[in-house]
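Peer 1: Turn this into a model:
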Amino acid sequence: MTVDLVTALARARTPEPPGPDTPAGPPVRPWPGPAHPVPAARPGELDLDRLLRLSLAAQDGTGRLRPAASAGALHPVDTTLTVGPGCSLPSGRYGYDPLRHRVHRLGPVAEGTRPGVAVALSVTPRRTRSHYGHRAWPLLLLDTGHAAGAVWRAAGESAEADLDGGTGDPLATVHIAPGPLAEEPPDRRSAPPPLRGRPAHDALCAVLATAVEAGGGELSWCVAVGGPRPGLLEQAPDGTLRRLAAGEARPTLAVWAAGQAWLAEAGAVLLAHGCPADADAPRIRRAHLRAGSAVHLAHLTALRHGLAARPVGSWQRADLGAALGAAPGRDWIVHGLALGARPTPGTTHPEEGTS
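Peer 2: Coordinates of the predicted model:
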């Protein structure tokens, strides 16, 4: 898979609209060989059945509802498992089918493979390009980051995530050692717009803190709020919120986020920003993968605080630094998470994904 990420990202950031929709193709990579169920774990084994159900498996018959968000609910991320000793599957390489929760054995593993499982995440670009056209590649990377975040969160303390960018395939890998998994995370749903009502101060602090910690310093983070004192808030050294800039930013964010007008009335909008125009391909990959993973974890934190939340991944002309008076091209919005104080009771949305 070869793509000029620098050119792809530069084009995706322009106001050029995507072309007409094209066929998305099969929703799952056509793995060779027969499909096998994931067996139950015996004492002392890593429970791959539970791990995959909590992180990647589809939760409905259409395959749209999954633990990780995806732009347009197109789910382009493909998963390969390298299973070593200490797992509920025999050692080997497997392709995973998240719609049927089945694995296809691809071959043996090398001698000396680490105990546990390495979850390698790749993409089928056609699925996302079918709707987003030239805007697809940033979304593909963000989707991969969300999937990596879901695997990492399900695995708990035994997980090591590789989101460093690189240049090849897979885009991201999460290694999980044998051991107990994390408690079941809250049921992730992307709330339907509108998402009104400013979240409480402690909830905003918690969501922002999660994003900052999970982002690993690759990007900067802030929250846009309205109300009597609208502006952009960032994390202070003591973990509270301090003012980064004054003024109402949400209407501009709505224009930058592919014209999604509802964003102008969102209770708050968490923003990941950075990744300058001269970033090379590894930095672009690293920034978007980490942004996706961090927003996934921030989304779960928002749910634990009773908020409504929806990832927002498509951004055009979103040069936040230039809008705040800094040099242009240095500080672009990479990802976002719209937040509302209260979910609307009894509502669902047909596309459980990012906008």
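
Peer 1: so how many other residues sit close to residue 51?
Peer 2: Look at residue 51: counted by other C-beta atoms under 10 Å, it has 27 neighbours. Where C-beta positions appear, they are placed from N, C-alpha and C, glycine not excepted.

Peer 1: Now it: closest residue in space, sequence neighbours ignored.
Peer 2: Of all residues not flanking residue 51 in the chain, residue 154 sits nearest, at 5.5 Å (C-beta to C-beta, 6 or more residues apart in numbering).

Peer 1: and if you look at residue 130?
Peer 2: Nearest to residue 130 is residue 24, by C-beta to C-beta, 6+ apart, at 3.9 Å.

Peer 1: what do you get for residue 120?
Peer 2: residue 170 (4.0 Å).

Peer 1: what sits against the one you found?
Peer 2: Each residue near residue 170 by C-beta atoms under 8 Å, 6 or more residues apart in numbering is listed here: 80, 120, 121, 122.

Peer 1: Quick check: which ranges of the stretch 101-250 of the chain have low pLDDT?
Peer 2: Applying pLDDT under 70 to the stretch 101-250 of the chain flags residues 165.

Peer 1: Strands of that one, start to end?
Peer 2: For the stretch 101-250 of the chain, the strands defined by DSSP state E, counting those that start in this stretch cover 102-107, 117-123, 159-162, 172-176, 220-225, 231-235, 241-246.

Peer 1: what number of residues lie near residue 220?
Peer 2: Neighbour count of residue 220, defined by other C-beta under 10 Å: 18.

Peer 1: what's the distance between it and residue 72?
Peer 2: Residue 220 is 27 Å from residue 72, where distance means C-beta to C-beta, to the nearest Å.

Peer 1: closest to residue 340 out of the strands of the stretch 101-250 of the chain?
Peer 2: Of all these, strand 220-225 sits nearest to residue 340, with 11.9 Å by C-beta to C-beta.

Peer 1: Return the alpha-carbon coordinates of that closest one using PDB.
Peer 2: What follows is strand 220-225, C-alpha atoms only, in PDB (Å, rounded to 0.1, in the frame of the first residue of the first chain):
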ATOM      1  CA  SER A 220      -1.800  20.000  21.600                       C
ATOM      2  CA  TRP A 221      -5.300  19.800  23.000                       C
ATOM      3  CA  CYS A 222      -8.000  22.300  23.900                       C
ATOM      4  CA  VAL A 223     -11.700  22.600  24.400                       C
ATOM      5  CA  ALA A 224     -14.000  25.200  22.600                       C
ATOM      6  CA  VAL A 225     -16.900  26.400  24.800                       C
END
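
Peer 1: picking that back up, now, among the contacts of residue 170, which is nearest to residue 141?
Peer 2: residue 121 (10.5 Å).

Peer 1: Find the centremost residue of the protein, please.
Peer 2: residue 146 (2.3 Å; C-alpha atoms, centre = their mean).

Peer 1: how about that one, what does it touch?
Peer 2: By C-beta under 8 Å, 6+ apart, the residues touching residue 146 are 68, 69, 70, 292, 293, 295, 296, 311, 354.

Peer 1: got a list of what the fourth one touches?
Peer 2: This points to residue 292. 141, 142, 143, 144, 145, 146, 147, 148, 149, 313, 335.

Peer 1: now those residues as a markdown table including distance to residue 12?
Peer 2: A markdown table is the format used below for these (distance: C-beta to C-beta, whole Å):
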| residue | distance to residue 12 |
| --- | --- |
| 141 | 11 |
| 142 | 11 |
| 143 | 14 |
| 144 | 16 |
| 145 | 16 |
| 146 | 18 |
| 147 | 20 |
| 148 | 21 |
| 149 | 22 |
| 313 | 11 |
| 335 | 13 |
